[in-house]
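[1] sharing a model prediction with you, sequence too.
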Amino acid sequence: MAYTFKGGIHVEEHKNTRNSIIEIITPPKIVSIPMSQHIGAPCTPLVKKGDHVFMGQIIGDVTSGLGCPVHASVSGTVIDIEEKSTPTGARIKNVIIENDMADELSPDIVPFEKKLTDTSFDEIVDIVRKAGISGMGGATFPTYAKLQSARGKVDKIIINCAECEPYITANHRLLLENPASVINGIKILLYALGLKSAWIAVEDNKLNAINKLEEILAGDEMISVKVMKTKYPQGDERQLIYALTGKELPMGKLPADVGCVIFNAETCFSIYSAFAKGMPLIRRIVTVDGDCITNPKNLLVPIGTPYRDLIEFCGGLKKQPKKIVNGGPMMGFAQWDVNAPVTKGTSAILVFSKNAESPYEQPPVCIRCGRCVRGCPMHLMPNYLAMFAMHGKIDMTEEYGVMSCVECGSCSYSCPGHVPIVQYIRVAKGEIKAAAAKKAALAKADAKN
Ligand code: SF4
Ligand code: SF4
């Protein structure tokens, strides 16, 4: 029987690209590389306007603290360094490179010379950090730091291939088209952490990928496939851990606190590429879909490519667009600029028309049906959270556990009254975080005086 968690909802899958092989996009003329594509400190640019850069060259790095470098995804000339908005709206420096179409690889890119079994943990951490690898499922936590924090604390690696968001099939295609590289990445992780067991968690709507993995892994005693029930948000770390181990991850705790560490499938692929070829994270797979896209596809895209290029490669728009989303429709971020770049965390670009949006024109209203409560994977009361936030009662949202909300959007999706619950929740969480930051700053200032 397939593993699953309590709560959650069934969403329309729209996996239109499940049979679309990964195509390499036409090389972009210009790429725009944001200096922050990970959780942690932003990078400082290491190049200046007019510099020639090689493909794979480090062009920005963090000077201290959490973070990993960014690389040029094409060879060419730096034509500008300018501030642009990230997919979440923050302003960050971007290195703009004009592609010379020569694909001149950086001389620093060479395969790691030692065998895996002769490699130390610190060397693996260094390879992963230098390759600029951060979680490619969307969370973008630097992978080297995840390895460091998991060492000695975990006994199980979980590879998250649930891909439970509608439309996105990038991981599914990777498992079908290059499972060996994903498995090799998992072997590196197992060796690095000194572990003997990894589970690849795949939802049961990807049976061909499950069969392929089981065929390759037949007789492998360390890596096995776990079939997950297709349910949203199965790919949320807390739900995955509960479904597979029965352990609940308490609020504010990390998977390592319950003995697990979770990596995305494409992250494993990137770890193997860094180790075997010396290749940093300069490309990723992006699903391009939505009812406006003429030919939905899965594309292999250089980091920094504008959304516009992806849309054009898919035959352009066939309808008037109303909304562009970076990521899935449930947890992705609405975008306002088609020239914004693909980053390490971009798993999908979705373009929707007005018709794909809710046709509901009435003001939102709660009819107290309780559907949002039944579906909440965090066992919250989303209707109350929305009501408190709507009336500015932020302290009450905190009391009702708003900070435990993982913003999966299940409540908003299933609400027949079309209450934008998760938006209210995001506002409340933002206010609570801002108040906490202000309090901490005041305390710090007081301590200095
Ligand atoms: S309250 Fe948060 S965790 Fe619960 S369903 Fe809504 S968005 Fe998901
Ligand atoms: S699903 Fe919507 S209508 Fe039903 S209780 Fe929740 S907020 Fe109210």
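    Right, received. Where do you want to start? Numbers count the residues shown, from 1 in each chain. Ligands and ions are numbered 1, 2, ... in the order given.
[2] which residue comes closest to whichever residue of the stretch 51-200 of the chain sits closest to ligand 2 once chain neighbours are left out?
    For the stretch 51-200 of the chain and ligand 2, the shortest gap (CB to the nearest ligand atom) falls at residue 166, measuring 19.0 Å. Backbone N, C-alpha and C define where each C-beta goes, glycine included. In space, and not counting its chain neighbours, residue 166 is closest to residue 14: 4.6 Å by CB to CB, 6 or more residues apart in numbering.
[3] helix or strand: which one has the one you found?
    Counting by DSSP states H and E, no helix or strand carries residue 14.
[4] list the contacts of it.
    166-167, 289 (CB atoms under 8 Å, 6 or more residues apart in numbering).
[5] and the residue of the stretch 251-400 of the chain nearest ligand 1?
    residue 376 (3.4 Å).
[6] is it correct that that residue is in contact with residue 5?
    No. Using CB atoms under 8 Å, residue 376 is not in contact with residue 5, being 11.3 Å away.
[7] more neighbours, those two?
    residue 376 (25 against 20; other CB atoms under 10 Å).
[8] for that one, report the pLDDT, please.
    Predicted confidence (pLDDT) for residue 376: 93.
[9] the helices in the stretch 1-150 of the chain, which residues?
    Here the stretch 1-150 of the chain has its helices, by DSSP state H, counting those that start in this stretch, at 121-130, 143-150.
[10] would you confirm that residue 428 contacts residue 395?
    No. With contact defined as CB under 8 Å, residue 428 does not reach residue 395; the gap is 9.8 Å.
[11] neighbour-wise, which of those two wins?
    Between residue 428 and residue 395, counted using other CB under 10 Å, the more crowded position is residue 428 (26 against 13).
[12] now for the more buried one: which residues touch it?
    385, 388-389, 394, 397-398, 402.
[13] what strand or helix carries it?
    helix 421-448.
[14] picking that back up, so who does the residue of the stretch 251-400 of the chain closest to ligand 1 touch?
    Contacts of residue 376 by CB under 8 Å, 6+ apart are 7, 382, 410-411.
[15] what of residue 339?
    Counted by CB under 8 Å, 6+ apart, residue 339 has contacts 32, 306-308.
[16] Produce a PyMOL select command limited to the buried residues of those residues.
    In PyMOL, a selection of the buried entries from those looks like this (16 or more other CB atoms under 10 Å):
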select buried, resi 32+306+307
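[17] from the contacts of residue 339, which ones fall inside strands?
    residue 32 (DSSP state E).
[18] now distance to residue 47 too, for the contacts of residue 339, in a markdown table please.
    A markdown table is the format used below for the contacts of residue 339 (distance: CB to CB, whole Å):
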| residue | distance to residue 47 |
| --- | --- |
| 32 | 14 |
| 306 | 20 |
| 307 | 24 |
| 308 | 24 |
